[in-house]
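> coords below, sequence missing:
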């Protein structure tokens, strides 16, 4: 195996490991964004509307 | 009989290290995100830089000049009476006061009286423009009204609708959670999560003591995962589009927020470079052994 191939293999393995580490947290963040995103956006809109109209 | 490689950490150690790396990812991400949230809410330096930015001060000056000209006309004074009522230095000082006021409110979760601007020079300038003949005797009263309205306009330009926004937001959020307590927790979170991260990293290195470079690789993989998650959070932030929402309430506030975003973008890019740099180093650094 050449040096470049070896490095590519190492990087691929590292990327796979990092992806596995990030995947559950990313899934939780996306789920939270889907569930709470609408509520948060509505809350911000309400606050802005109330502040503008006094 | 199974051959044991004394130079390589055991399978159990590697499995535990993988779990610890996951926890390390979580702790580091919490530390980084809470630090960003604290900066966004309470950093006086960051917000002062944004408030004193040339574009922001220029937008405020233009707004003040436009509104004061309209006010002067409304109260029957020459158009330029109150224009230029506030100097750049005064406006900057008012902006500083506004930043100190609202960052303190965000830090403690308690609202105090918002800063306001008053000026003796303005009263004098309006007094000089009083008409020589005062037929209905209302000139002094109109001058006083013009002074008060001009002071309000200047205050509004610097503090914008932020005071109202903060008051309403704190009331709304305060209905759901105990804000002062949560703000205290949030301010402790970066240090606590950072300390936990260091502890976890130390544990990984200890577990991998047979080959420390492997321990550092696990740590770098966790940092790489943090980089990916920060990228995801940045995308979600862009989708939320807070600048677009703020444009509905105040153009100046939206401008200040977009300046703030651009300053934070630079920090995020630097952070990503560090995280992915550490990841690359960890991925490529490998102790050469005879068995590969």
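The structure has been received and is ready for your questions. Just so we're clear, the structure is a prediction, and the values are computed from it rather than from any experiment. Numbering: from 1, shown residues only, chains lettered A, B, ... in the order given.

> who's in contact with residue 44?
This is for chain A. Residue A:44 is in contact with B:242, B:245, counting by CB atoms under 8 Å, 6 or more residues apart in numbering or on different chains. Glycine gets a C-beta too; all of them are placed from N, C-alpha and C.

> Oops, wrong one, chain B.
With CB under 8 Å, 6+ apart, residue B:44 has these contacts: B:99-100, B:103.

> 10 Å - rerun?
By CB atoms under 10 Å, 6 or more residues apart in numbering or on different chains, the residues touching residue B:44 are B:96, B:99-100, B:102-104, B:107.

> Any of the residues you listed buried? List them.
Neighbour counting over the contacts of residue B:44 (16 or more other CB atoms under 10 Å in any protein chain shown) leaves B:96, B:99, B:102-103, B:107 as the buried ones.

> which among those gets closest to residue A:40?
Within the buried ones among the contacts of residue B:44, the smallest distance to residue A:40 is 20.6 Å, found for residue B:102 (CB to CB).

> host element of that closest one?
Using DSSP states H and E, residue B:102 falls within helix B:88-108.

> Determine the set of other helices and strands touching that helix.
Here helix B:88-108 touches helix B:11-42, helix B:44-51, helix B:54-74, helix B:139-159, helix B:162-176, helix B:179-207, going by 3 or more CB pairs under 10 Å, 6 or more residues apart in numbering or on different chains; DSSP states H and E.

> orientation of it relative to helix B:162-176 in degrees?
0 degrees (axes from the mean of the first three to the mean of the last three CA atoms, to 10 degrees).

> Now the element after helix B:88-108, going C-ward?
Taking DSSP H and E, what comes next after helix B:88-108 is helix B:120-128.

> centre of the chain versus that next one, how much separation?
38 Å (CA atoms, centre = their mean, to the nearest Å).

> What residues sit buried inside it?
Applying 16+ other CB under 10 Å to helix B:120-128 flags B:122-123, B:125-126 as buried.

> The residues you listed: which two are farthest apart?
Checking the buried residues of helix B:120-128 with CB to CB, the most distant pair is B:123 and B:125, at 7.4 Å.

> Who are the contact partners of the closest residue to chain B within chain A?
Per CB to the nearest CB, residue A:14 is where chain A lies closest to chain B, at 3.3 Å. Residues counted as contacts of residue A:14 (CB under 10 Å, 6+ apart) are B:217, B:220-221, B:224, B:279-280, B:282-284.

> follow-up on the earlier one: distance to residue B:212 and pLDDT for the contacts of residue B:44 - can I get that in CSV?
As requested, the contacts of residue B:44 are arranged in CSV below (distance: CB to CB, whole Å; pLDDT from 0 to 100):
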residue, distance to residue B:212, pLDDT
B:96, 50, 91
B:99, 47, 88
B:100, 48, 89
B:102, 48, 84
B:103, 43, 86
B:104, 46, 86
B:107, 41, 81
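
> what's the closest of the residues you listed to chain A?
So of the contacts of residue B:44, ranked by how close each gets to chain A (CB to the nearest CB), first place is residue B:102, at 13.1 Å.

> could you measure the closest one against residue B:45, distance?
14 Å (CB to CB, to the nearest Å).

> same thing with residue B:68?
31 Å.

> Look up phi and psi at the spatially most central residue of chain A.
Nearest residue to the geometric centre of chain A (CA atoms, centre = their mean): residue A:26, 4.7 Å. Recorded main-chain torsions at residue A:26 are phi -60, psi -40, according to degrees, to the nearest 10.

> Surely it touches residue B:226?
No: look at residue A:26 against residue B:226 with CB atoms under 10 Å: they stay out of range, at 11.2 Å.

> For the helix or strand where residue B:276 lies, what does the pLDDT average out to?
For residue B:276, the host element (DSSP H and E) is helix B:251-284. Mean pLDDT, helix B:251-284: 90.

> Which strands and helices lie in contact with that helix?
Against helix B:251-284 (3+ CB pairs under 10 Å, 6+ apart) you get helix A:3-53, helix B:11-42, helix B:44-51, helix B:54-74, helix B:139-159, helix B:162-176, helix B:212-240, helix B:242-246.
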